[in-house]
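A.B. asks: no sequence on hand, only this structure:
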């Protein structure tokens, strides 16, 4: 198989997503910060991860947790300074850890100086940097969100998400009115150049790349994403020439387009775009589940899930992107509710990690998922979090006050910590060899020890049937072949594999020992309930 056209360090990359305001507070103000992340690098390194994705750190009024940027060239004071960012980049790199920033290219805050200038009635440098209609009385534009009456400028502005996030002007793929500028107009071209300037600034400071928020949203009326993809191909070519070791990760959720056409190095499996991902972990069973054979996730201890729901979706994108980039499975992220640990036992969580950390691509672990942090339901919205707020609570380091997150009074914390007496903590799990934390460490180490399990190792489905278990697949690379089998059900599962599946006596690398045995011309695989195994074959 052709190797991916990606930086070599991605081959064994395991990413860790950090929500900065909730990770560790170094100065006692109740909000996590960059120096807090710096102080926890020993812990991060101990996980075996070698890349970090930090949610937005730029200056912002924080109406949407930093996804409303007011200055792309300045770290938000609540997190520290640009010098703190450089120190973090440098210290992490010395430990073999790359740091990627969250880039929000599609919109700014209404507090950004560019937008304030764009609001003025007379023409100026920034008049065409945002998408404005040609009349303040234009209340509606089909397919777009419009804010009217905000400025003295005779126009209404288009917003990408909340009202305070005006869309930057990358042009329209199919302009239909005079105010809809084509992509090659001066305003869109200036914005495109400024995007490159921003990335260059942080890459030169030591950042290793970007996760790009709403990456597919830039060019308007771009129904087949052709113009947006062309923009990102241009950026990728620039990366390949000037920053070949840096990476671009898209929040697109459709790898066939984002990797295959737009040229991103990686894309995530996301619930809003890839139903196959939702079918693995977070499918809503609902009140009619008993009558619906497709109501349960694959990782369901009742054994009622269907792996084909995931595979049909995943294999379509995998086949379209293999050799071009990486599809990334995520345990969760700041936008997903609930966290991985809703209603699951430690054995179930370990099995999910066994699956995630043996699949192709570059896996992402959301901070706290490695210890089994839970979602805190019922919290009031914080900085635009709404129903996502409960998945953004402070990291639980210990049983000290505030779970060791901050020395601030509890009422001054960014968000409350889990008050439960049995809340999982790093300190408790560090001392337990059988803890989820130490299982995750062992699986990450296993992945890095075996080329077949790394990002570009070949992926082959060995056994996957609707309503049947286990799910069995093979990974191969550099003369090594590894069989992975998972049984999420509480009941035992078995399957007879063809003789050619194994070329010799299997060696257990992780999980159930003795699961494979000769039977006639084939191999019988037997797994107890909620178990799995990784076998050198």
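C.D. replies: Cool, got the structure. Computed from a predicted structure; not experimentally measured.

A.B. asks: in terms of contact, does residue 405 touch residue 24 like I think?
C.D. replies: Yes. Assessed by CB atoms under 8 Å, residue 405 is found in contact with residue 24 at 6.4 Å. In this view, the C-beta of every residue, glycine as well, is placed from N, C-alpha and C.

A.B. asks: overlap in contacts of those two?
C.D. replies: Residues touching both residue 405 and residue 24 (CB atoms under 8 Å, 6 or more residues apart in numbering): 32, 395, 397.

A.B. asks: mind checking how far the closest residue to the first one other than its chain neighbours is from residue 416?
C.D. replies: Spatial nearest neighbour of residue 32, chain neighbours left out: residue 23 (4.3 Å); criterion: CB to CB, 6 or more residues apart in numbering. Per CB to CB, to the nearest Å, residue 23 is found 15 Å from residue 416.

A.B. asks: those two - which one has more neighbours?
C.D. replies: Of the pair residue 23 and residue 416, residue 23 is the one with more neighbours under other CB atoms under 10 Å, namely 24 against 16.

A.B. asks: now the closest residue to residue 453 other than its chain neighbours: phi and psi?
C.D. replies: Nearest non-adjacent residue to residue 453, counting by CB to CB, 6+ apart: residue 447, 4.6 Å away. Backbone torsions of residue 447, given as degrees, to the nearest 10, read phi -60, psi -40.

A.B. asks: okay, buried residues for stretch 28-44 please.
C.D. replies: Judged by neighbour count using 16 or more other CB atoms under 10 Å, the buried positions of stretch 28-44 are 30, 31, 32, 33, 34, 35, 36, 37, 38, 40, 41, 44.

A.B. asks: sorry, wrong one. I was asking about stretch 121-132.
C.D. replies: So for stretch 121-132, counting by 16+ other CB under 10 Å, buried means 126, 127, 128, 129, 130, 131, 132.

A.B. asks: among the shared contacts of residue 405 and residue 24, which are in strands?
C.D. replies: Among the shared contacts of residue 405 and residue 24, DSSP state E puts none in strands.

A.B. asks: what does the longest helix seen in the chain rub up against?
C.D. replies: Longest helix in the chain, counting residues (DSSP state H): helix 186-205. Helix 186-205 has contacts (CB under 8 Å, 6+ apart) with 72-73, 82, 85-86, 89, 101, 103, 105, 127-129, 168-171, 181-182, 209-210, 231, 234-235, 238, 242-243, 246.

A.B. asks: which element is encountered next along the chain beyond it?
C.D. replies: Per DSSP states H and E, the first helix or strand lying C-terminal to helix 186-205 is strand 209-212.

A.B. asks: measure how the following helix or strand past that next one sits relative to helix 186-205, angle-wise.
C.D. replies: Counting by DSSP H and E, the next helix or strand C-terminal to strand 209-212 is helix 226-242. Here the directions of helix 226-242 and helix 186-205 differ by 30 degrees (axes from the mean of the first three to the mean of the last three CA atoms, to 10 degrees).

A.B. asks: give me the element the closest residue to residue 342 other than its chain neighbours is part of.
C.D. replies: The shortest distance from residue 342 to any non-neighbouring residue, by CB to CB, 6+ apart, is to residue 375 (6.3 Å). Following DSSP H and E, one finds residue 375 outside all helices and strands.
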